[in-house]
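> Quick one, fold the following:
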Amino acid sequence: MKKKEVDFNKNEDGMNLALGQMERRLEKIYLGGGQKRIEKHHAKGKMTARERINALIDEGSDYLEIGAFAGYGMYEEYGGCPAGGTVIVLGEVEGRTCLIVANDATVKAGAWFPITGKKNLRAQEIAMENKIPIIYLVDSAGVFLPMQDEIFPDKEHFGRIFRNNAKMSSMGITQISAIMGSCVAGGAYLPIMSDEALIVEGTGSIFLAGPALVKAAIGEVVDKETLGGASTHCDISGVTDYKLKDDATCIQTIRDLMSKIGAPEKAGFDRIESIAPKTEAKKLYGLFPEDRTKPYDTLNILDCIVDQDSMTLYKEDYGKTIICAYARIDGWAVGIVANNREVVKNKKGEMQFGGVIYSDSADKATRFIMNCNQKKIPLVFFHDVSGFMVGTKSEHGGIIKDGAKMVNAVSNSTVPKFSVVMGNSYGAGNYAMCGKAYDPRLIVAWPTAKIAVMGGKQAAKVLTQIKMASMKSKGETLDQQKEDAYFKEIKERYDHQTTPYYAASRLWVDAIIRPEETRNFVSRGIEMANHGKVEKFNPGILQT
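Numbers count the residues shown, from 1 in each chain. Below you'll find the predicted structure:
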């Protein structure tokens, strides 16, 4: 067997192992609080959060779950918080692209952990950026009280959600809420600040203070249904708009409401009939190297994602460590900015490392991003970047200035941006390639992704050198055994923090996806983004 075939098979095996690990973790996450709590939920006549969503989205339509790994490995002292205690899906309801946000009451009665708030804010951000309706399926006990200081008072905490409700209302973004379980305290504002609120008889309840707190505060004894049940709020207070007998009827009513919404104003992104890629998507498993230090031809990767024969390379022979190309993905016109992992020669015949951004590459990418904004073409960034080039030659050549221009172009870009973290996404390379801080409409990672200021080995070397220099200045020494142990400790910590699961648990990425799902992710994202007008591009300092 040829070496190329051996490498392909080894890469394929490595990717399959990584995907198997991801699927096993997702299976556990999808159980929420566990099978026993699901059974208790069903015994009350209630669907689970995922069952509600599956009943609501159009049958046979595909969808993208946002933040399935949110909270992964966090809050272990409280028993964990699978999926952040809430399920968020981008999908179709009555043919309309929308976001669905459903509290998972099998996880601590749907209580809000800090990551729950962050995840809900991300959902609202997506809805506002793309002008798409948002549907809330409410079933929550409110703020998780042991961590109230990390969820209640700050700008990006719980209260921001209600501020966003008001902002979306002023923007004309449809918000529909269904109270399908508890809705307590400050959380009561969310459904009532929506356009319309539905409530399920017998299980739905909404009040600023529950029976126990009412008794403690004013001495009044009252049951939950009388205080804030469906009949109270539909027949007496008028707080809610629709009273439904069960979850299924409630979901059908939401579908009826969605079916009557007027057509959205479109951005007008160009789309033609979709053509399958030149190379089968599953080939990505073997083409993407398991050994992250090995070079590879990024164009071969793109051939598995873009429509066949649709790619036009921009400045093909200049700034070769970044590939810029016009292409189509599922028929949509896109501008691609991808790190090239091959070792290449620049225009002067000098060798350049793959995956590193040099001045010429930054210059090329900056111009291309500006062109895509001028032409109203969405941008897709494919990350496998070690950072910007360092050293005397690069500094004298103005790498900081050229890098700043690329970051400026990414920051001021007004066309929708989407990011796919395939491999490394280190340091300022993450910024220039439209990492989370640069407002991608959606950002996803493959199981092979690594996100950090630098790789574990490099970080351990730097920190070990600093440690040794500090000890030397104090007249102390570090023997080889202790030095090796310190290096290993730092490397292991960094390696853990660079995993896609660490990133996804903190919502640095919206999802971890299978590589063959990349094409669908981009297409779904542009379809979503096509619901709102694109603002005029203002390049700021790049004008001078």
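
> Model confidence score at the residue nearest to V184 when sequence neighbours are not counted, please.
Excluding its sequence neighbours, the residue lying closest to V184 (CB to CB, 6 or more residues apart in numbering) is G142, at 4.2 Å. No exception for glycine: its C-beta is placed from N, CA and C like everyone else's. We have a pLDDT of 84 for G142.

> Surely G142 is in contact with T116?
No: in this structure, G142 is not within contact of T116 by CB atoms under 8 Å, at 10.7 Å.

> Compare the two and say which is more crowded by neighbours.
Neighbour tally, G142 and T116, criterion other CB atoms under 10 Å: the higher count belongs to T116, 28 against 20.

> Now name the helix or strand holding that one.
helix 114-130 (DSSP states H and E).

> packing partners for that helix?
strand 64-66, strand 86-93, strand 96-103, strand 134-140, helix 159-170, helix 518-529 (3 or more CB pairs under 8 Å, 6 or more residues apart in numbering; DSSP states H and E).

> Report the angle between the lengthiest helix in the chain and strand 86-93.
For the chain, the longest helix by residue count, based on DSSP state H, is helix 3-30. With axes from the mean of the first three to the mean of the last three CA atoms, to 10 degrees defining the directions, helix 3-30 sits at 110 degrees from strand 86-93.

> Sort out which residues of helix 3-30 are buried, please.
When burial is assessed from 16 or more other CB atoms under 10 Å, helix 3-30 yields the following buried residues: D7, F8, N11, E12, G14, M15, A18, L19, M22, R25, L26, I29.

> just curious, which of those residues is nearest to N520?
Of all the buried residues of helix 3-30, the one sitting nearest N520 is L19; the distance, using CB to CB, is 15.9 Å.

> hang on, isn't the closest one packed against R514?
Yes: L19 lies in contact with R514 (CB under 8 Å); the separation is 6.0 Å.

> so what sits against both of these two?
P447 (CB atoms under 8 Å, 6 or more residues apart in numbering).

> And the strands in the stretch 251-400 of the chain?
312-314, 322-329, 332-339, 344-345, 351-352, 356-357, 379-385, 387-388 (DSSP state E, counting those that start in this stretch).

> most packed of those?
strand 379-385 (a mean of 27; mean count of other CB atoms under 10 Å).

> E290: which of the buried residues of helix 3-30 is nearest?
Checking those one by one against E290 (CB to CB), the nearest turns out to be G14, at 3.2 Å.

> Now for the closest one: which residues touch it?
Contacts of G14 (CB under 8 Å, 6+ apart): E290.

> where does it land on pLDDT?
95.

> Over to S310?
Confidence for S310, expressed as pLDDT, is 98.

> for A230, same thing?
According to the model, A230 carries a pLDDT of 89.

> That one is in contact with T240, isn't it?
Yes: A230 is in contact with T240 according to CB under 8 Å; the separation is 7.2 Å.

> quick one: common contacting residues for these two?
Joint contacts of A230 and T240 (CB under 8 Å, 6+ apart) are I199.

> quick one: contacts of the helix or strand bottoming out on mean pLDDT in the chain?
Lowest on mean pLDDT, DSSP states H and E among the helices and strands of the chain sits helix 456-473, with a mean of 77. When contacts are defined by CB under 8 Å, 6+ apart, helix 456-473 is touched by residues 452-454, 477-478, 483, 486-488, 490-495, 498.

> Could you list which of those residues belong to helices?
Reading helices off the contacts of helix 456-473 with DSSP H, I get E483, Y486, F487, K488, I490, K491, E492, R493, Y494, D495.

> what's the neighbour count on the second one?
The criterion is other CB under 10 Å. On that basis, Y486 has 16 neighbouring residues.
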